[in-house]
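Chemist: Here is a sequence with its predicted model. Questions after.
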Amino acid sequence: MSNTASASEVQKNFGAYHDQALSEPVRVTKYGRETVYIVSAKAYHEMKRAQRDAIAAADLTDAELALIEAAEIPAEHRYALDK
């Protein structure tokens, strides 16, 4: 759960909100409307790493589809039914 603060409050006490953002996001509002979040560098990098661009299968070339169809799961990553 994030803490909420007005932009003017963050401006007055930036150090405190900076420190709080190291452990949880700080939701910043302006005129009562959510505008930005302050998050730690670690949280930001985790979000960027998790972000992926999705493409439609229809956008793949025939060569790309052939590579996908020919791909095999390495033995060490296959699910063994006899487990």
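Modeler: That came in fine, so what should we check first?
Chemist: any idea which residue sits dead centre in the chain?
Modeler: In the chain, the residue lying closest to the centroid (CA atoms, centre = their mean) is M47, at 2.3 Å.
Chemist: Show me the shaky parts of this protein.
Modeler: Scanning the chain with the threshold set as pLDDT under 70 gives 1-2, 80-83.
Chemist: Let me see the ranges of the helices in it.
Modeler: 7-12, 14-21, 41-50, 62-70 (DSSP state H).
Chemist: how close does the nearest residue to the residue nearest to the centre of the chain once chain neighbours are set aside sit to K12?
Modeler: Excluding the flanking residues, the one nearest M47 by CB to CB, 6 or more residues apart in numbering is V39, at 7.7 Å. (Each C-beta comes from the backbone N, C-alpha and C, glycine too.) As defined by CB to CB, to the nearest Å, V39 lies at a distance of 20 Å from K12.
Chemist: Looking at the two, which is more packed in?
Modeler: Neighbours were counted for V39 and for K12 using other CB atoms under 10 Å; V39 has more, 17 against 11.
Chemist: Alright, calling it a day.
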